[in-house]
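Peer 1: how does the following fold in three dimensions:
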Amino acid sequence: MTFFLAPFTTKHTTAPFSKIALSDYQPAFEKTIEIARNEINAIAINTAAPTFENTIEALDFAGAALDRLSSIFFNLNSAETCDEMQKIAQEVSPLLTEFSNDVALNEDLFKRIKAVYDQKELLQLTTEQATLLDKKFKGFSRNGALLNEEDKIKLREIDTELAKRKLTYGENVLAETNTYQLHITHEADLKGLPDGAKEMAASLAKSKELEGWIFTLDFPSYLPFVTYVDNRELRKEIAIAAGKKSFQDNEFDNKENVKRIVELRHKRANLLGYESHSHFVLEERMAQNPNNVQSFLNDLLEKAKPAAIKEFGQLTAFAKELDGIDQLEKWDGAYYSEKLKQKLFRLDDEVLKPYFQLENVLNGAFTIAEKLFGITFKEVFDIDTYHKDVQTFEVLDFEGNLVAVFYSDFFPRKGKRNGAWMTSFKPQYIKDGINERPHVSIVCNFTPPTETKPSLLTFNEVTTLFHEFGHALHGMLANTTYPSLSGTSVYWDFVELPSQVMENWCYEPEALALFAKHYETGEIIPQEYVEKIKESASFLEGMATLRQLSFGILDMAYHAKSQTVDAVKSFEKQAMASTSLYPDVAENCMSTSFSHIFQGGYSSGYYSYKWAEVLDADAFAYFQEKGIFNQEVATKFKDNVLSKGGTELPMELYKKFRGQEPKVEALLKRAGLV
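Peer 2: I've put the predicted structure just below:
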């Protein structure tokens, strides 16, 4: 427990993962909450007149030990959890909610913040200081500081229940993912499946002391199965299993959690004087309000839907011609899309994978970052990790100064949630004249190496790596004074710009030549493959856009107006009707495993993926105009976007980089929708 009460004495003050016992966490949380509480109270009862330094700045640096502990614990609860850890999470979440409510509803503290806020015009603050002051004031007013005592109590009750519901929701999804396995004993049932995926499934079966092949709902196992296996009934079986996670009337069912989370969010927003949860959330986003989001989604829907319907017709005709299928079902989508893609472009992921060995792709991302932003990555082996798969790197500038510590964790395992994400174990900030550098991690679930092959990535996994690496650059290149404004601490509809813009380099011949080399021969990926990758980038883009819009539309349906959801399935079906192409599957419901909006931070924010695509298409058009490794453009991007965090309004930062507001035309052109 004492680890968390002072800065770590490890190299670069990195987390001493192997020395932390699970039994350390609960007492450490209790102690660091107590320390944070004392630090906050000292600010609140200070008898000196409130100033920016003794109130706003002091508040941003208060609770550092608790923040560090929380980042370590909750990151591991996503990447390396177990039953005991989940139990601790359930125990400490209410304590953290209670503490944050105590802070948010501390009247003496808010009086001091308001006193500074009321005289902000006289204070001659820097842009960053003014942003911090605004953020602290809104943080309190938007979290109940202006409520009467009775309503403050109601808010606490809502927040406590919400924290527990969201945690339970996520645990249920993980449990359902881990529970399911498809055990195949006849090799004929795997006709069409690539050797690498087959070998991985055999290895998984062997680890469970079973004959044959095991497939799970983890993406590296699930996706090749539904994409390549000829046996339609088996594709149907695993696809339905994936679609009914936490929608099975069992102990892991999330229907009531969905209904209650939606209800509590609206109650909270109404209590704070907002029309809906979306009105509350979007006040602090580039989009500003639900009307703007709805207009944005509907505008894109109008442009994408005709293309999507046409593409779906082509796919249906292709499946009919190939296999006599009259009605495409959801478990047919990936399979026939891949077959059609191969026919049109003669581009097969299995042909591409040998050119995308994980180590080469990672080094390619490093080289591109070096060319653009002047940083180098050096693997080191004396920084502690939480699992043997995790690699550690020192990120240095050209003078050899430490820029960041970078962790990578790439392969699926039990206790690690699905998907891919970037996170931080320590933020960047400047205190007492010292620029504390960040500790950043990317966590993915890529195809692992087998006994005969290294980890060879699908092209989709390549773009995923670059996406998360873009988030990591946002964290690593941060250069702000205050921790709460550093790195990815930006508006949610701006946070995806650095990640999505990095994906563009995966399609550029000049960039691919740096890392797309055959793992056996060292041959650089043939130019014809590169051209086909670029050509196929907008393949079925109308359908892909419609799918993404459907998630944003569902999110807004739940959150943009106060309501009670009676039946989750029928509510979802109605909300997504305008974007539906495939027939409905009665046993399936997306809402019960839509972790982004019900467990993560994307409620009323899922639209931001498409919003950020507009930003990234417009931003990359600037790079293309000047050259994809152009130093002037890269430096502008680093200085005005990557290093600035949340120190200014995102649109102001974007305009400083680009010289203008983003235009949607760049996205429509790239997607082939105009």
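
Peer 1: which non-adjacent residue is nearest Leu174?
Peer 2: Spatial nearest neighbour of Leu174, chain neighbours left out: Arg417 (5.6 Å); criterion: C-beta to C-beta, 6 or more residues apart in numbering. In short, each C-beta sits where N, CA and C put it, glycine included.

Peer 1: next one: Glu523
Peer 2: Lys517 (6.6 Å).

Peer 1: do I have it right that that neighbour meets Pro354?
Peer 2: No: using C-beta atoms under 8 Å, Lys517 is not in contact with Pro354, being 9.3 Å away.

Peer 1: so where's the protein uncertain?
Peer 2: 1-2 (pLDDT under 70).

Peer 1: which SS class is the nearest residue to Ser593 once chain neighbours are set aside?
Peer 2: The spatially closest residue to Ser593, leaving aside those adjacent along the chain, is Lys245, at 4.0 Å (C-beta to C-beta, 6+ apart). When classified by DSSP: H, G, I helix; E, B strand; the rest coil, Lys245 comes out as coil.

Peer 1: state the distance from Lys245 to Leu372.
Peer 2: 39 Å (C-beta to C-beta, to the nearest Å).

Peer 1: can you pull up the bridge partners for the residue nearest to the spatial centre of the chain?
Peer 2: Geometric centre of the chain, nearest residue: Trp421, 4.7 Å, by C-alpha atoms, centre = their mean. For Trp421, the residues forming beta bridges with it (DSSP bridges) are Val443.

Peer 1: can you tell me how far it sits from His439?
Peer 2: In terms of C-beta to C-beta, Trp421 sits 15 Å off from His439.

Peer 1: next one: Ala15
Peer 2: 7 Å.

Peer 1: shared neighbours, the two?
Peer 2: 425-426 (C-beta atoms under 8 Å, 6 or more residues apart in numbering).

Peer 1: and Ala583, what does it touch?
Peer 2: In this structure residue 583 is Pro, not Ala. Per C-beta under 8 Å, 6+ apart, neighbours of Pro583: 327, 329-330.

Peer 1: please enumerate the strands of the protein.
Peer 2: Along the chain, the segments classed as strands by DSSP state E run 182-184, 213-215, 375-380, 391-397, 402-409, 421-426, 429-431, 434-436, 439-443.

Peer 1: what are the buried residues along the helix ranked longest in the chain?
Peer 2: The longest helix of the chain (DSSP state H) is helix 290-323. Buried residues in helix 290-323, defined by neighbour count with 16 or more other C-beta atoms under 10 Å: 290, 293-294, 296-297, 300-301, 303-305, 307-308, 311-312, 315-316, 318-319.

Peer 1: I'd say the residue nearest to the centre of the chain and Val443 touch.
Peer 2: Yes: using C-beta under 8 Å, Trp421 is in contact with Val443, at 5.5 Å.

Peer 1: tell me the contacts of Phe629?
Peer 2: Contacts of Phe629 (C-beta under 8 Å, 6+ apart): 371-372, 510.

Peer 1: what about those residues, which are in helices?
Peer 2: 371-372, 510.

Peer 1: burial measure for the residue nearest to Lys656 when sequence neighbours are not counted, as a count.
Peer 2: Closest residue in space to Lys656, ignoring its immediate chain neighbours: Asn640 at 4.3 Å, by C-beta to C-beta, 6+ apart. Asn640 has 17 neighbours, counted by other C-beta atoms under 10 Å.

Peer 1: need the contact list for Asn640.
Peer 2: 653-654, 656-657.

Peer 1: narrow the residues you listed to those that are buried.
Peer 2: When the contacts of Asn640 are checked against 16+ other C-beta under 10 Å, the ones flagged as buried are 653-654, 657.

Peer 1: if you look at the residues you listed, which of them are in helices?
Peer 2: Using DSSP H, the buried ones among the contacts of Asn640 in helices are 653-654, 657.

Peer 1: just give me the closest of those residues to Val530.
Peer 2: Phe657 (28.0 Å; C-beta to C-beta).

Peer 1: for the closest one, what are its contacts?
Peer 2: 619, 622, 636-637, 640-641.

Peer 1: quick one on the thing from earlier: buried subset of the ones in helices among the contacts of Phe629?
Peer 2: 371-372.

Peer 1: what is the nearest of the ones in helices among the contacts of Phe629 to Glu34?
Peer 2: Distances from Glu34 to the ones in helices among the contacts of Phe629, taken by C-beta to C-beta, are shortest for Leu372, at 44.7 Å.

Peer 1: OK, contacts around that closest one?
Peer 2: Leu372 neighbours (C-beta under 8 Å, 6+ apart): 629, 634, 637-638.

Peer 1: just the buried subset of these, please.
Peer 2: 634, 637-638.

Peer 1: name the nearest of these relative to Tyr429.
Peer 2: Lys638 (18.4 Å).

Peer 1: pretty sure that closest one contacts Met476?
Peer 2: No: applying C-beta under 8 Å, one finds Lys638 not in contact with Met476, separated by 10.9 Å.

Peer 1: and the residue lying closest to Gln294 once chain neighbours are set aside, how far from Met576?
Peer 2: Counting by C-beta to C-beta, 6+ apart, Gln294 lies nearest to Met556, which is 6.4 Å off, once chain neighbours are set aside. Using C-beta to C-beta, Met556 is found at 11 Å from Met576.

Peer 1: okay, those two: which has more neighbours?
Peer 2: Shown here are Met556 and Met576; by other C-beta under 10 Å, Met556 has more neighbours (24 against 19).

Peer 1: ok, now which ones touch the more buried one?
Peer 2: Contacts of Met556 (C-beta under 8 Å, 6+ apart): 278, 290, 293-294, 297, 604, 607.

Peer 1: what's the closest of those residues to Asp397?
Peer 2: Taking the contacts of Met556 together and measuring to Asp397 by C-beta to C-beta, the closest member is Tyr607, at 36.3 Å.

Peer 1: so that closest one sits against Asp493, correct?
Peer 2: Yes: Tyr607 lies in contact with Asp493 (C-beta under 8 Å); the separation is 7.3 Å.

Peer 1: the more surrounded of those two?
Peer 2: Tyr607 (28 against 25).

Peer 1: how about that one, what does it touch?
Peer 2: Counting by C-beta under 8 Å, 6+ apart, Tyr607 has contacts 287, 293, 296-297, 493, 552, 555-556.

Peer 1: so the residue nearest to Glu523 versus Tyr482, what's the distance?
Peer 2: 43 Å.

Peer 1: just the buried ones among the contacts of Pro583, please.
Peer 2: 329-330.

Peer 1: can you tell me the closest non-neighbouring residue to Phe643?
Peer 2: Quick fix: residue 643 reads Ser, not Phe. Closest to Ser643 by C-beta to C-beta, 6+ apart is Asn479, at 4.2 Å.
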